[in-house]
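Peer 1: fold the following, please.
(chains A, B, C and D)
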2 protein chains.
Amino acid sequence: MTRPLNLEEVGRRAGVSRSTVSRVVNGGPNVSSETKRRVEAVIAETGYRPHAAARSLASNSTGVIGLVIPSAVATLFDDPYFGRLILGISSATNDVSMTLALFLFGAGPDESSIISRVVTPGLVDGVIVTATTRGDPLIDHMQGTSMPFVVVGRPDNAGSTFCVDVDNRAGARTAALHLAGLGRRRPALIAAPSNTTAGVDRRNGFLEGLAEAGLSVESRVAEGDWSQESGRDAMARLLADRPDAVFVASDRMAVGALRAIREAGLHCPGDISVVSFDGIVPPDLTSPRLTSVVQPVTEVGERAVRLLTAVIAGASTPEHVVFPTELAVRESCGATPTAEPGA
Amino acid sequence: MTRPLNLEEVGRRAGVSRSTVSRVVNGGPNVSSETKRRVEAVIAETGYRPHAAARSLASNSTGVIGLVIPSAVATLFDDPYFGRLILGISSATNDVSMTLALFLFGAGPDESSIISRVVTPGLVDGVIVTATTRGDPLIDHMQGTSMPFVVVGRPDNAGSTFCVDVDNRAGARTAALHLAGLGRRRPALIAAPSNTTAGVDRRNGFLEGLAEAGLSVESRVAEGDWSQESGRDAMARLLADRPDAVFVASDRMAVGALRAIREAGLHCPGDISVVSFDGIVPPDLTSPRLTSVVQPVTEVGERAVRLLTAVIAGASTPEHVVFPTELAVRESCGATPTAEPGA
DNA sequence: TTTATGCTTGGGAGCGCTCCCAAGGAGGGT
DNA sequence: ACCCTCCTTGGGAGCGCTCCCAAGCATAAA
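Peer 2: Numbering: from 1, shown residues only, chains lettered A, B, ... in the order given. This next block holds a predicted model:
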């Protein structure tokens, strides 16, 4: 009969006690080098690995962080945004030797069951919540628990939470000033959903920038739902108003907008300048290549993990990290000589 | 002083014992309805949730399954494949009330550390491994452990493992027959990396189909690395040989190929028919819309979870699930009247 | 009435670990 | 030679749960 491979057994084989093995495993101090050597030999030989659940129970810490993405799951990964975010978060969790648990869900009944699963004690040490919609009940729910969490994005009730966001407002403002600087006089806006804080911030930032330049969108505003189709539809509608520039609140919608422009027999950037937000669609995918306000998604993810570990460690004064964006000027705005490689 | 909220405490408040509360929580039998009511009232009122780690330790099962994606992480989510797969797996995981842990890693030193983390006892009940490359050491490693696992894809040493795959070979063969049926006589192939089983299967299936139709690619073969750029480069090279059709082993590479065709001043499908594999790029993204061999990625993910739960439950005779593919005929092959909407 | 049967309930043991404290031994100071 | 300190080691207690068994009790059968 083979006995279970646990601390006690490793200790037995190395001729020491459970406690000593534990100290070796955890790199603890006060272990003679000779003992350490012997124990490590046994560990290497047996392939012993500490039991995660037992460790969690005893130490009251699991080494797991949860990532909660509440969203219309179907379209989730058509947008590279979440993929990049997961990448950043995953890489940062690996760096700190933690494990990432993923909680994805759409609307409906599974929502509440998943939310309650997230806050199960002994499952995760903390949670990163992606907040996309305004007045998200998830945030309120999390605040009612003792589970450490940080928000990616800007919840509208951000006051008392830790969050990591990009400066959507300033980025959009930059886009407005850029278009104005190119001499465009009839700007249009394809906004993101106004029930998201990112959508609101980008809209306001753009309008603010226009105002500074003495411009206005007047009635040249349409709202999309992040999807490419909605961008195409919105652009098609806006074209009736003969804009000479458009700011599209996301890359994906901008791809649709470019298509609508082409379909209307117009030329970008000749007839109309396009600037979008995200900087997440591979530039070569579109023609002309998109000028876009780039947000550092991966860095946001990494920072969220670092912030969360701080919260888990006991940080208590809410911290709001805001990353700057950067305007990547390519051909679609008309600022550079239109040297579309090929096409 | 507030005492910890555990089974004992809930029992104390309801006037019953730990064991009885446990039975109620787990829907066990042999509990009088009156007792059950009282206990449930206390649970609702206190918001008690069982401690996951304690439960895992005692029951020797964690309720977590791991998803291991070893890949060049940087490009991971540019391809919608993994996103879809995660979606399917996540959804199936939710259905069975389990939690999904994600292990992403690229090459390098983190590889071994993550692999060993995956097999930590008490962390996950089982693992889904995505096998992309041939002779993947990860599979061998997993076989050396007692951790239940299933493979998504076809490992080259599949004999003794559980795996879920799509019929890459048959799908590619269908593509060949389709192109032959359209009267094309100079087919070309842009293959996926030959160090992946999917790449090999798609290549062989295509060549097999051509042979059946009495055709051959001769020297019109190039190999890409799944990326769009590689598809573009491969196509550009192949065009010198004046093919009248091309099978591209993935949608992403096909997007690049379409671009190369355009850049060469040629027309698809007029001058050259294109059929790709995956069915994962939104059709409207390309012009013309891609004819593609569609693989049911989401179903694969769901099935992998179901299979894994079976393995965890003790299934022991290796099972190989192979999903059929389906050819989605759109404009790029030239089979339908080229009614490109717009463009 | 007595014995058997089943349902309900409580409590002990144990999962594998961490944390803490006490015991033993080596070494340095006086 | 002695004491005190520091390093090293072992073992008890306990984390919150599940599993199992025995005890209590009501009801049915003899």
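
Peer 1: for the most centrally placed residue in chain A, what is the enclosing helix or strand?
Peer 2: The C-alpha lying nearest the average C-alpha coordinate of chain A belongs to A:L85 (CA atoms, centre = their mean; 3.9 Å). Per DSSP states H and E: A:L85 is located in helix A:80-95.

Peer 1: now do that helix: distance to the chain's middle.
Peer 2: In this view, helix A:80-95 has its centroid 8 Å away from the chain centroid, taken as CA atoms, centre = their mean, to the nearest Å.

Peer 1: now do it: everything it contacts.
Peer 2: A:65, A:67, A:69, A:71, A:76-77, A:99-100, A:102, A:128, A:130, A:152, A:278, A:280-281, A:297-302, A:304-306, B:73-74, B:76-78, B:82-83, B:102, B:104-105, B:110, B:114 (CB atoms under 8 Å, 6 or more residues apart in numbering or on different chains). Just so you know, the C-beta spots here come from the backbone N, C-alpha and C atoms, and that holds for glycine as well.

Peer 1: now do the same contact list for A:S56.
Peer 2: A:62-63, A:122, B:52-53, B:56, B:122 are the contacts of A:S56 under CB under 8 Å, 6+ apart.

Peer 1: and the residue nearest to the centre of chain A, how far from B:R242?
Peer 2: The spacing between A:L85 and B:R242, counted by CB to CB, to the nearest Å, is 45 Å.

Peer 1: again, but for A:L238
Peer 2: Counting by CB to CB, the gap from A:L238 to B:R242 is 43 Å.

Peer 1: neighbour count winner among the two?
Peer 2: A:L238 (23 against 12; other CB atoms under 10 Å in any protein chain shown).

Peer 1: what score does the more buried one have for pLDDT?
Peer 2: A:L238 carries a pLDDT value of 97.

Peer 1: if we ignore the residues flanking it in sequence, what's nearest it?
Peer 2: A:A188 (4.8 Å; CB to CB, 6 or more residues apart in numbering or on different chains).

Peer 1: what helix or strand is the one you found located in?
Peer 2: strand A:187-191.

Peer 1: next structured bit after that strand?
Peer 2: Immediately after strand A:187-191, counting by DSSP H and E, sits helix A:197-212.

Peer 1: what lies in contact with that following helix?
Peer 2: Counting by CB under 8 Å, 6+ apart, A:131-132, A:134, A:153-156, A:168-177, A:180, A:187, A:189, A:191-194, A:216-217, A:223, A:247, A:249, A:277 sit against helix A:197-212.

Peer 1: in the stretch 151-300 of chain A, what residue lies closest to DNA strand C?
Peer 2: Across the stretch 151-300 of chain A, the shortest distance to DNA strand C (CB to the nearest atom of the strand) belongs to A:F162, at 24.4 Å.

Peer 1: tell me where chain A has helices.
Peer 2: A:7-14, A:18-25, A:33-46, A:52-59, A:80-95, A:109-118, A:137-143, A:168-181, A:197-212, A:228-239, A:251-263, A:297-312 (DSSP state H).

Peer 1: can you confirm whether the third one lies near DNA strand C?
Peer 2: No - figure legend: helix A:33-46 not in contact with DNA strand C (CB under 7 Å from any atom of the strand); closest approach 10.5 Å.

Peer 1: could you give the angle of that helix to helix A:7-14?
Peer 2: 110 degrees (axes from the mean of the first three to the mean of the last three CA atoms, to 10 degrees).

Peer 1: how about the fifth one?
Peer 2: Here helix A:80-95 points in a direction 40 degrees away from that of helix A:7-14 (the same axes, to 10 degrees).

Peer 1: the second one now?
Peer 2: Compare the direction of helix A:18-25 with that of helix A:7-14 by the same axes, to 10 degrees and you get 90 degrees.

Peer 1: hey, what's A:F162 bridged with?
Peer 2: Following DSSP bridges, A:F162 is listed with bridge partners A:V150.

Peer 1: out of the helices of chain A, which gets the lowest mean score?
Peer 2: helix A:109-118 (a mean of 79).

Peer 1: please save the CA atoms from it in CSV.
Peer 2: The C-alpha trace of helix A:109-118 is given here as CSV (Å, rounded to 0.1, in the frame of the first residue of the first chain):
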residue,chain,number,x,y,z
PRO,A,109,-29.9,33.8,-14.5
ASP,A,110,-26.3,32.8,-14.5
GLU,A,111,-25.3,36.3,-13.5
SER,A,112,-26.4,36.1,-9.9
SER,A,113,-25.1,32.5,-9.5
ILE,A,114,-21.7,33.5,-10.8
ILE,A,115,-21.5,36.6,-8.7
SER,A,116,-22.1,34.7,-5.6
ARG,A,117,-19.6,32.1,-6.7
VAL,A,118,-17.0,34.8,-7.0
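
Peer 1: are it and chain B in contact anywhere?
Peer 2: Yes - counting by CB under 8 Å from any CB of the partner chain, chain B has neighbours in helix A:109-118: A:110, A:113-114, A:116-117.

Peer 1: and that helix, what does it pack against?
Peer 2: For helix A:109-118, the packing partners by 3 or more CB pairs under 8 Å, 6 or more residues apart in numbering or on different chains; DSSP states H and E come out as strand A:64-70, strand A:99-105, helix B:80-95.

Peer 1: reformat those as JSON lines; add distance to DNA strand C.
Peer 2: Converted to JSON lines, the helices and strands packed on helix A:109-118 look like this (distance: least, CB to the nearest atom of the strand, whole Å):
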{"stretch": "strand A:64-70", "distance to DNA strand C": "15"}
{"stretch": "strand A:99-105", "distance to DNA strand C": "16"}
{"stretch": "helix B:80-95", "distance to DNA strand C": "25"}
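
Peer 1: about what we covered before: what sits against the residue nearest to A:L238?
Peer 2: A:A188 touches A:217, A:220-222, A:238, A:241, A:243, A:245-247, counting by CB under 8 Å, 6+ apart.
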